[in-house]
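**Q** any chance you can model this:
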Amino acid sequence: MTEITAHHGLFRDTALHVDDTGGPGRPVVLIHGWPLSGEAFRHQVAALVEAGYRVVTYDRRGFGRSDKPLTGYTYDTLTEDLHTLLTQLDLEDATLVGFSMGGGEVARYFSQYGSERVRSAVFASAVPPFLVRLPGNPEGPLLESEAMKMTAQLTADADGFYEQFTTDFFSVDGALAVPEQERQDALVLCAQADKKAALACMAAFGHTDFREDLGEVTVPTLVLHGDSDAVVPFEGSGRRTRDAIVGSELHVVAGGPHGVNVSHSQEWNRVLIGFLDR
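**A** Purely as a prediction, here's the structure:
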């Protein structure tokens with residue numbers, strides 16, 4: 001465990017909690033979904049280390065064990081945090097794996113910082129290219145009315161909201177695809193999220209347009225998505241991301257919910273490691 005200073009503020013620095021397995025292997029940076037933390041990848045870390053990789057996870061600002069500042073929850077700032085992590089740890093030839101909201105940082109990274117430090121990219125159950133449905137984005141899978149409803153529910157009753165959200169996160173056709181303990185573990189991570197950060201990031205991942213960013217992704221890319229994702233539906237996100245990145249690969253997990261890295265962890269890990277090993 002370590003911390004990096006992601007931002008030097010006038011009154012207070014912003015520190016991010018980082019878990020780095022170290023070692024000589026190529027680095028794989030796992031960027032977690034909303035509103036969880038780096039601990040959400042506990043089913044991946046050991047498998048990646050066994051395969052010979054250096055694994056880095058971190059808690060996004062406002063979540064988990066990282067600092068929770070009042071501001072800084074746009075994708076430009078969140079991606080700056082990611083870039084600071086890569087530079088402070090001096091990571092080269094890295095693979096960026098963005099899960100759900102984390103796919104936004106991966107997309108924005110290439111338009112902001114290029115690919116100098118990056119070997120490849122993975123969009124896993126990820127929100128790009130543009131989640132909310134608007135006149136200029138008719139394929140967006142998230143209705144504006146639903147986005148507003150989610151904001152209102154989280155504002156009024158965070159505990160109740162997270163109960164339903166974690167159920168949807170791991171469910172297929174209304175039934176949990178994981179043991180109940182996995183959902184309870186996710187609830188513990190949700191409870192670590194700062195409410196203002198959760199609300200600001202909800203607005204960011206719903207309303208940020210990554211279509212131009214995806215055009216800047218020129219490294220080998222894998223899109224990994226469950227076909228039964230009820231939170232970030234495949235056709236509106238994963239399929240469109242695959243189509244937007246020239247030469248990208250696609251693996252669809254049959255019967256996979258949004259939290260497919262947990263429900264189908266063996267398949268998910270196998271596909272990811274197969275991609276990394278090339």
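
**Q** pull the number of nearby residues for Gly256.
**A** Using other Cβ atoms under 10 Å, Gly256 has 25 other residues around it. Yep, even glycine has a C-beta here, placed from its N, CA and C like the rest.

**Q** for Thr74, same thing?
**A** Residues within reach of Thr74, counting by other Cβ under 10 Å, total 15.

**Q** His207 is in contact with that one, correct?
**A** No - shown here, Thr74 and His207 do not form a contact pair, counting by Cβ atoms under 8 Å, at 10.4 Å.

**Q** can you pull the contacts of Leu250?
**A** For Leu250, the contact set (Cβ atoms under 8 Å, 6 or more residues apart in numbering) comprises Leu222, Val223, His225, Gly238, Arg239, Arg242.

**Q** swap in Leu131?
**A** Gly140, Pro141, Leu142, Phe205, Gly206, His207, Val232, Gly236, Ser237.

**Q** ok, 10 Å please
**A** By Cβ atoms under 10 Å, 6 or more residues apart in numbering, the contact list for Leu131 reads 101, 104, 137, 140-142, 147, 205-210, 232-233, 236-237.

**Q** how far away is Trp268 from Asp185?
**A** Computed with Cβ to Cβ, to the nearest Å, the distance linking Trp268 and Asp185 is 17 Å.

**Q** next: Lys195.
**A** 20 Å.

**Q** quick check on these two: which one has the bigger neighbour count.
**A** Neighbour count, other Cβ under 10 Å: between Lys195 and Asp185, Asp185 has more, with 17 against 13.

**Q** surely that one is within a strand?
**A** No - assigned with DSSP: H, G, I helix; E, B strand; the rest coil, Asp185 falls outside any strand and is helix.

**Q** ok, it touching Gln192?
**A** No - Asp185 lies out of contact with Gln192 (Cβ atoms under 10 Å); the separation is 11.8 Å.

**Q** joint contacts of these two?
**A** Leu36, Glu39.

**Q** on that earlier part again, for Ala124, state which of the contacts of Leu250 is nearest.
**A** Using Cβ to Cβ, His225 comes nearest to Ala124 of these, at 7.2 Å.

**Q** how about the residue nearest to the closest one when sequence neighbours are not counted, what does it touch?
**A** Once flanking residues are discounted, His225 sits nearest to Gly238: 3.4 Å by Cβ to Cβ, 6 or more residues apart in numbering. Listed by Cβ under 10 Å, 6+ apart, the contact partners of Gly238 are 103, 123-129, 223-227, 229, 232, 250-252.

**Q** how far away is Gly238 from Ser37?
**A** For Gly238, the distance to Ser37 equals 23 Å [Cβ to Cβ].

**Q** mind listing the strands for this protein?
**A** Taking DSSP state E, the strands of the chain run over residues 2-7, 14-20, 27-31, 54-58, 94-99, 118-124, 171-172, 175-176, 221-226, 249-253.

**Q** turn those strands into TSV, including distance to His264 and mean pLDDT.
**A** Listed next are the strands of the chain as TSV, based on distance: least, Cβ to Cβ, whole Å; pLDDT from 0 to 100:
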stretch	distance to His264	mean pLDDT
strand 2-7	31	85
strand 14-20	23	96
strand 27-31	16	98
strand 54-58	19	98
strand 94-99	13	99
strand 118-124	11	99
strand 171-172	11	98
strand 175-176	14	98
strand 221-226	7	98
strand 249-253	5	98
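
**Q** which one of those lies closest to Asp67?
**A** When the strands of the chain are compared for distance to Asp67 using Cβ to Cβ, the nearest one is strand 14-20, at 4.9 Å.

**Q** got the contact list for the residue nearest to the spatial centre of the chain?
**A** Of all residues in the chain, the one closest to the mean position by Cα atoms, centre = their mean is Gly102, 2.3 Å from it. Residues near Gly102 by Cβ under 10 Å, 6+ apart: 29-34, 36, 40, 60, 78, 82, 96, 122-127, 205.

**Q** buried subset of those?
**A** 29-34, 36, 40, 60, 78, 82, 96, 122-127, 205 (16 or more other Cβ atoms under 10 Å).
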